[in-house]
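[1] Generate coordinates for the sequence data below:
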Amino acid sequence: MIKKLRKVINYLSAKPKLLFLIDALGAMLTAFFLFVILRNFNEYVGMPKPLLTYLAAIAACFWIYSSACFIFLKDNWTFYLRVIGIANLLYCILTMGFLIIYYFQLTMTGATYFLLEIIIVCGLVYIELNVATIISKNRIDVRS
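    Predicted coordinates for the structure are as follows:
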């Protein structure tokens, strides 16, 4: 599994634009699920609707950011990858905080959804930050 992850990281470090597309699609999907599906089926989730709205708004901002990077960015991938990586990590911390605070209100479905989301986004953070590090090292090696 670690070898496959290394392979993915190496592949994406050669195509960082693709990583922004992946992040944008994931953020769009998250915003859709939180705002449209989970809010409308809240009795099966248990997270308060206003919090779902806030999380969806954050995901929508990430969607716009990553889409803009995918469309407009031509160079300096490292900085922008680190920004979205750290933002995604903070989103996971916030979501984990809500998961802990509202644990007794959440249904099994709700807890499972948020835990899976945290795991997936943390995996993406790991990839984004490693890709940023590889690109940064390669840039230093090229200049030397």
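[2] and the helix ranked longest in the chain, what does it pack onto?
    Ranked by residue count, the top helix of the chain under DSSP state H comes out as helix 108-143. Helix 108-143 is packed against helix 2-14, helix 16-32, helix 77-101, with contacts defined by 3 or more CB pairs under 8 Å, 6 or more residues apart in numbering; DSSP states H and E. Backbone N, C-alpha and C define where each C-beta goes, glycine included.
[3] would you turn those helices into JSON lines with mean neighbour count and distance to residue 38?
    Formatted as JSON lines, the helices and strands packed on helix 108-143 follow (neighbours: other CB atoms under 10 Å; distance: least, CB to CB, whole Å):
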{"stretch": "helix 2-14", "mean neighbour count": "13", "distance to residue 38": "29"}
{"stretch": "helix 16-32", "mean neighbour count": "19", "distance to residue 38": "10"}
{"stretch": "helix 77-101", "mean neighbour count": "17", "distance to residue 38": "12"}
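[4] Turn the ones you listed into JSON lines, including mean pLDDT and distance to residue 108.
    What follows is those, written out as JSON lines (pLDDT from 0 to 100; distance: least, CB to CB, whole Å):
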{"stretch": "helix 2-14", "mean pLDDT": "92", "distance to residue 108": "29"}
{"stretch": "helix 16-32", "mean pLDDT": "97", "distance to residue 108": "20"}
{"stretch": "helix 77-101", "mean pLDDT": "97", "distance to residue 108": "13"}
